[in-house]
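**Q** please work out how this folds:
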Amino acid sequence: MNDNKEHVHDRLDQLKSGATLVKRKSNGKKYPRQFYLNQYEDFISYRKSRRLFGKPRIYHIHDIDEIRSGFRAHTFDHLVKRRRIKSQDENRAFSIMYNNHRSEVHLLAPNEQIRDLWTTGIQNLIDKHSKKALHHLIQEESWILKYFRAADLDKSNLLSKQECRRLLTNFLHVQLPDKAFEQLFKKADTSEEGLLSPEEFIGFFHLLTRRKDLYTVMQQHTKHGHSRSIENIHMNINELLTFLQTVQNQSVIVNTDNNLHDTTEITCEYIERPEQVQKLIDEFELNSDLREQGLMSLDGFRNMLLSNDFAITNPIFTRQIYQDMTRPLCDYYINTSHNTYLFYSQLTGESNPEAYNRALLTGCRAVELDCYDGSDGQPIVTHGFTLVKPCSFESIIRYMEPNLFKTSPYPVILNIENHCSIEQQKEMARILKEILGDRLITEEIMGDNPATLPSPEELKYKVLVRSKKRSKSKKLSSSDHTLSNSDAADDLLSEAIQNKEMNLFVYLQNVPFRDHRYAKAHYSPLHSSSLDETRFEKISRENPSDLILQTTWRILRTYPGGLRQDSSNANPVDAWNYGIQMAALNYQNEDDIMPLCYGKFLDNGGCGYILKPDYLINAHKSNYSPLNSQSDPDYPLTLTLKIISAQFLTRSNSTITDIPDPYVIVSIHGVPCDQQIQKTGIIDNNGLDPIWNEKFVFKIKYPKMALIYFTINDYNPISVDDKLAHFCLPLTVMQTGYRHIHLRATNNNPMHSTLFVHVGIKNSHDKIISTRL
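**A** Numbers count the residues shown, from 1 in each chain. You can find the predicted model right below:
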């Protein structure tokens, strides 16, 4: 947004005053409500309805995924088609998508001006909230006072000791010993009234959240540090420079605008000069007197280490596309979704266009559509022979279209499992051409080498169709049907739509999987095959080299087996180990497998395409096999992790009332010889600032394939342990030194919880690694 702060402030004030907006339901019902933004700008709600037991719904800003103007939602489309709403009302309409696109509210404003006021104002708030890191929030009084207001049950604007105790247990998830609590309360209670005012509570909060673990680090790297108290410890420029160079191997991130390509290029400068350190002090130190003296306090040190540039992920690799994107498509791992239209199980629910938007906005580049004949002559998307409610093919294409290239410029692949008649196949082709226009690939791209697949760079902002093509003169035999498994005879885009009128070119033609010798003789790079997890496991076990060699020149796809009706996932690492480009996953399931996908595709700027290691691209030369631990195509490393502490852990379930007893699991996911797990001890009754200080050492033979998966669980002696948070990343993007891990919730949403670790990486010659492998 280019609005200045004054205009944004005025706009938000108008939202706080409220406006009458009409909620519209898919059944045509209307609910006029007085909507408003609450005074602290963290949620939107409406005045109480007339229903006896009706409670106004609260839409938290941090839960809102997208705000859309007009009729760009399936519900509005349904209302227009049923003539429950006038087409001229589009300039008053907008939709709020929230809860990972699983929920939505559709509203009509009195006029276009008020509609724009609300859509722009909500977008301002979304942008504002997304930019706030934990180090911003810790020093933001309005954020701290949210805890105060939650604990002030009698609305006296004062907190008693009992209310403070309840706050620690229910909201900050920590149980302090009586002596420690009394000392903190007494120190914060400057009025000596036995009650904390809002200003005194801010002091109490700062005392409570002071980082003892960082104090220890500063003591180790500051002259006479062990004789300095937590209140007066500080680093001077030379001490901080030495720490950044020798402990952190830290670089300064420089953002440069490329006006020619409308992009921002990220480069790094090694920290070598005192003036670079002074800039960091100016940015992160809160005390102006210390800034002028070139000193950094404990608070400034905390702010610096909590900032994104100092996090465990190296921004050079995670915030920009840096890999060679001019190689054939088969040389890349591709972020792929299975049965994308579902939000829940494989058997019930509904086909939902928003499921595609959720997948696309989290970095997915290959989505799936199971297409059948609709009763009105228009194709539908549904899960055949189940209770899943269908959605029109046109609605899905139309409502995903705006989000196709928001997270990445590289191609989107539509994996169409087609069960439609010839007539409705023609409709599918018409819809694709009409909505996608020149972004749809309608003819073969003639690159430098026509015998290979085009590159992601050549396919920028393009949409490819992956499906089966059948010649009029050939019918699949029963043996073909058996071999194809998922590629059933009716899963095709018929030759009937491969005509000049529709001009739709199926770039990745789905064919049955055969052995490498047969494939080389009968298939081209344009031919792609799918394997369910059972068949993949069998082939990878019996003939691994055959499988790997096929991935060097054409695209293979794996997908979850048919028995996974709960939408659970097979481990995609197994497929990636064999070079399989498209390991399709059920994005709708928030299981322990999905973080592996999110972690894998953090790399290369999150663009959804990851260049495979050389030994997989050139497997015919390297003789790589994930089953052969004696081969040595990679460069082995030793990863040493010290799990130091965590901050602001929250309960995984709002119905759970006890304080978390957290522990950390660190697991390595890659080729079988590298897979290993380590676990910390359990810290009782402390989700606020548990400290472990436990060290683990991992020997990793194939670092380019390795994912490091951190999981924080809540120990439960009588049932299954609850997962509190997680984070996963490739070993190749890890920064060494003291690092914060900005954890993710079980639904992969960002959260304010962090894990503090020390990372050391050495090669086989005991040389410390500080740059990309």
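
**Q** what's the pLDDT at the residue nearest to W553 when sequence neighbours are not counted?
**A** Beyond its immediate neighbours in the sequence, the residue positioned closest to W553 (CB to CB, 6 or more residues apart in numbering) is P525, lying 5.5 Å away. Placement of C-beta: from N, CA and C, glycine included. Note on P525: pLDDT of 94.

**Q** residues in contact with P525?
**A** For P525, the contact set (CB atoms under 8 Å, 6 or more residues apart in numbering) comprises 328, 330, 451-453, 553-554.

**Q** please apply the same query to L167.
**A** 147-148, 150-151, 159.

**Q** then L176?
**A** Neighbours of L176 in contact, by CB under 8 Å, 6+ apart: 168, 184.

**Q** quick check: it vs L688, distance?
**A** Using CB to CB, to the nearest Å, we find L176 at a distance of 9 Å from L688.

**Q** now for those two: what residues contact both?
**A** Common neighbours of L176 and L688 (criterion: CB under 8 Å, 6+ apart): L168.

**Q** quick one: the residue nearest to W553 from N449, how far?
**A** From P525 to N449 the distance is 10 Å (CB to CB).

**Q** hang on, the earlier thing: in CSV: the contacts of L167, plus neighbour count.
**A** As requested, the contacts of L167 are exported to CSV (neighbours: other CB atoms under 10 Å):
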residue, neighbour count
Y147, 19
F148, 24
A150, 13
A151, 21
L159, 27
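
**Q** by pLDDT, rank the contacts of P525 and give me the bottom one.
**A** Model confidence across these bottoms out at A451, which has 81.

**Q** what's the neighbour count on that one?
**A** 9 (other CB atoms under 10 Å).

**Q** how about it, nearest residue that isn't a chain neighbour?
**A** Setting aside the residues directly before and after it, A451 is nearest to P525 in space (CB to CB, 6+ apart), at 7.0 Å.

**Q** confirm that the one you found sits in a strand.
**A** No. Counting by DSSP: H, G, I helix; E, B strand; the rest coil, P525 is not part of a strand but coil.

**Q** roughly how far does it sit from R327?
**A** 12 Å.

**Q** before we move on, the earlier item: in strands only, show me the contacts of L167.
**A** Assigned to strands by DSSP state E, none of the contacts of L167 qualify.

**Q** from these, pick the one nearest N339.
**A** A150 (40.1 Å; CB to CB).

**Q** contacts only, for that closest one.
**A** A150 neighbours (CB under 8 Å, 6+ apart): 167, 171.

**Q** that one and E163: what is the separation?
**A** 10 Å.

**Q** now do P572
**A** Counting by CB to CB - P572 and E163 are separated by 48 Å.

**Q** show me which of the two is the more surrounded one.
**A** P572 (26 against 20).

**Q** using CSV, list the CA coordinates for stretch 711-724.
**A** Taking C-alpha atoms only, stretch 711-724 is exported to CSV below (Å, rounded to 0.1, in the frame of the first residue of the first chain):
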residue,chain,number,x,y,z
THR,A,711,8.9,-30.7,16.5
ILE,A,712,7.8,-29.4,19.9
ASN,A,713,5.4,-31.7,21.7
ASP,A,714,3.5,-31.4,25.0
TYR,A,715,4.1,-34.5,27.1
ASN,A,716,1.0,-36.2,28.3
PRO,A,717,1.4,-39.2,30.6
ILE,A,718,-2.1,-40.7,30.0
SER,A,719,-2.7,-40.1,26.3
VAL,A,720,-1.0,-39.2,23.0
ASP,A,721,1.4,-36.2,23.3
ASP,A,722,0.1,-33.0,21.7
LYS,A,723,2.1,-31.3,18.9
LEU,A,724,2.6,-27.6,19.9
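
**Q** which residues touch that stretch?
**A** If you take CB under 8 Å, 6+ apart as the criterion, stretch 711-724 is touched by 592, 646, 649-653, 656, 660-665, 667, 682, 687, 725-726, 743, 746, 753, 755.

**Q** buried residues of stretch 57-65, list them for me.
**A** 59, 61-62, 64-65 (16 or more other CB atoms under 10 Å).

**Q** any idea how far it is from the chain center?
**A** Offset of stretch 57-65 from its chain centre (CA atoms, centre = their mean, to the nearest Å): 18 Å.

**Q** before we move on, what about stretch 192-207?
**A** How far stretch 192-207 lies from its chain's middle: 37 Å, per CA atoms, centre = their mean.

**Q** what are the buried residues along that stretch?
**A** 195-197, 200-205.

**Q** quick one: least confident of the buried residues of stretch 57-65?
**A** When the buried residues of stretch 57-65 are compared on pLDDT, H62 comes out least confident, at 87.

**Q** how far away is it from D574?
**A** Distance from H62 to D574, by CB to CB: 35 Å.

**Q** checking my notes, T534 in a helix, right?
**A** Yes. Counting by three-state DSSP, one finds T534 located in a helix.

**Q** what about it, how many residues nearby?
**A** T534: 13 neighbours (other CB under 10 Å).

**Q** can you check the pLDDT for it?
**A** Note for T534: predicted pLDDT of 94.

**Q** same question, E140
**A** For E140, the pLDDT comes out at 81.

**Q** again with the one 10 residues further on
**A** Predicted confidence (pLDDT) for A150: 89.

**Q** one more: F393?
**A** So F393 comes in at 96 (pLDDT).

**Q** just the buried ones among the contacts of stretch 711-724, please.
**A** Among those, those classed as buried by 16+ other CB under 10 Å are 592, 646, 649-652, 660-665, 667, 682, 687, 725-726, 743, 746, 753, 755.

**Q** for the chain, name the helix or strand with the lowest mean pLDDT.
**A** When the helices and strands of the chain are scored by mean pLDDT, DSSP states H and E, helix 478-484 comes last with a mean of 36.

**Q** just the buried residues of stretch 192-207: which are in strands?
**A** Per DSSP E, those never map to strands.

**Q** which regions of this structure sit below the pLDDT cut-off?
**A** 1-3, 49-54, 133-135, 258-263, 345-346, 447-448, 450, 469-505, 653-655, 765-773 (pLDDT under 70).
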